[in-house]
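**Q** quick one: sequence plus predicted model below, questions after.
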Amino acid sequence: MPSAVLADLYARRLGGAITNTGTDHLHFHLGEPSWAGSPDAAAFAYYQSLGPDFERLAGEAGLIGVVGRRDASNNPTEPCTLFNPRTGVGVQWVTALAHLPPWDAGSPFRLLIHWATAQRGMRMMHAGTLVSGRRAMLLVGQGGSGKSGTTLAGIASGLQTVGDDYVVVTADARPRVHRVHQLLKQDPAGIKRVLGPRELEEPSALNWQGKVEIDPELHFKGCMAESADVAALVLPRIAHADQTTFEPIRPQDLFAHAAASMWQQLPGAQKSGFVFATALTRRVPTWRMNLSSDPFEIGSAVRRFLDNGGP
């Protein structure tokens, strides 16, 4: 990586170790053309102009690749990313580090980890998690459904989390969820509601979504868990109820509400992602959680649910 500052940031935000029986390793690189001795950045414009052909050409070379063209607002989507599934080597190329998409630092090497785990029969998912003992609840749903707020409320109540954004789920006889990143994102009002006003006395920089990014271990020591058994798939709903309640939901209904966030945000290996997510929703109990307005009541309700195996 050409930037020591960025390398340090990535190292702090990458976490977790997935146990496997092999001896293979992953080697990820982030680079600029000048770093590799190739200052001609015009080639990147050519790659971007290829569009879907870039993925086809990468596939013909035995690689997995994606290049993100700029969106309607002229913002970059994804960097030029290539992964060799035979060697475990992955590369993210950008014309300049300043051109990395704004969400990259919050989930370092997201696509490379996604492709590497998919090759190993696992699946990266966009989900929040809460853990009590060895049992985990996967919180799925569209943005704004309450996943991050519920995660923060849970760890503030003494529960653990495997992750708040992207996690890896293994297709064992008993599915397990594993930690990938160490970061929690929440809007300032949500953080103030749970952590109190003293935590925000010093202004916090907001990310591209207008949220604060915090290392949860700085506020709740020991709250990060490495892995846990997946006991339930839960679709939260901000209901402003007096008490948090759970109701069974059909797997296909949960899938319909959560599919876009579960696997469609991760390009490449989408067909296998659809199959994996469909199987997971059929093997793990699926629930809707109607949230109250009290974060600590929410945390207590989640603990009871996990400890009792249901509501």
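**A** That came through fine.
**Q** tell me how far residue 67 lies from residue 260.
**A** Noted for residue 67: a distance of 22 Å to residue 260, by Cβ to Cβ, to the nearest Å. Just so you know, the C-beta spots here come from the backbone N, C-alpha and C atoms, and that holds for glycine as well.
**Q** which one's more surrounded, the two?
**A** residue 67 (23 against 13; other Cβ atoms under 10 Å).
**Q** is it correct that that one is in contact with residue 52?
**A** No - in this structure, residue 67 is not within contact of residue 52 by Cβ atoms under 8 Å, at 9.7 Å.
**Q** so for residue 108, what's the pLDDT?
**A** pLDDT recorded at residue 108 is 90.
**Q** can you pull out the helices in the stretch 1-150 of the chain?
**A** Under the criterion DSSP state H, counting those that start in this stretch, the stretch 1-150 of the chain contains helices at 4-13, 42-50, 52-60, 110-119, 147-156.
**Q** for the protein, where's the lowest mean pLDDT among helices and strands?
**A** helix 42-50 (a mean of 66; mean pLDDT, DSSP states H and E).
**Q** residues near residue 5, how many?
**A** Neighbours of residue 5 using other Cβ under 10 Å come to 9.
**Q** which ones are touching it?
**A** Contact partners of residue 5, counting by Cβ atoms under 8 Å, 6 or more residues apart in numbering, are absent.
**Q** that one and residue 30, how far apart?
**A** Relative to residue 30, and taking Cβ to Cβ, residue 5 is found at 12 Å.
**Q** okay, now the spatially closest residue to residue 105 that is not a sequence neighbour: neighbour count?
**A** Nearest in space to residue 105, with sequence neighbours left out and distances taken as Cβ to Cβ, 6 or more residues apart in numbering, is residue 9 at 5.9 Å. Neighbour count for residue 9, taken as other Cβ under 10 Å: 14.
**Q** which pLDDT value goes with residue 9?
**A** Residue 9 is given a pLDDT of 85.
**Q** tell me the pLDDT of residue 277.
**A** On the pLDDT scale, residue 277 gets 81.
**Q** thought it was touching residue 254?
**A** No - counting by Cβ under 8 Å, residue 277 sits too far from residue 254 to count as a contact (9.9 Å).
**Q** one step back: so which of the helices of the stretch 1-150 of the chain is the most packed in?
**A** helix 147-156 (a mean of 26; mean count of other Cβ atoms under 10 Å).
**Q** next one: that one to chain centre, how far?
**A** Distance, stretch centre to chain centre, for helix 147-156: 15 Å (Cα atoms, centre = their mean, to the nearest Å).
**Q** helices or strands up against it?
**A** strand 128-132, strand 135-139, strand 184-186, helix 188-195, strand 227-241, strand 286-292, helix 295-308 (3 or more Cβ pairs under 8 Å, 6 or more residues apart in numbering; DSSP states H and E).
**Q** and the ones you listed: which comes nearest residue 120?
**A** strand 227-241 (14.8 Å; Cβ to Cβ).
**Q** pull out the buried residues from the closest one.
**A** 227-228, 230-236, 239 (16 or more other Cβ atoms under 10 Å).
**Q** one more: stretch 206-216?
**A** So for stretch 206-216, counting by 16+ other Cβ under 10 Å, buried means 211-214, 216.
**Q** closest to residue 163 out of the residues you listed?
**A** residue 216 (9.7 Å).
**Q** which ones are touching the spatially closest residue to the closest one that is not a sequence neighbour?
**A** Using Cβ to Cβ, 6+ apart and skipping the chain neighbours, the partner closest in space to residue 216 is residue 184 (4.6 Å). Residue 184 makes contacts with 148, 151-152, 155, 161, 164, 213-216, as judged by Cβ under 8 Å, 6+ apart.
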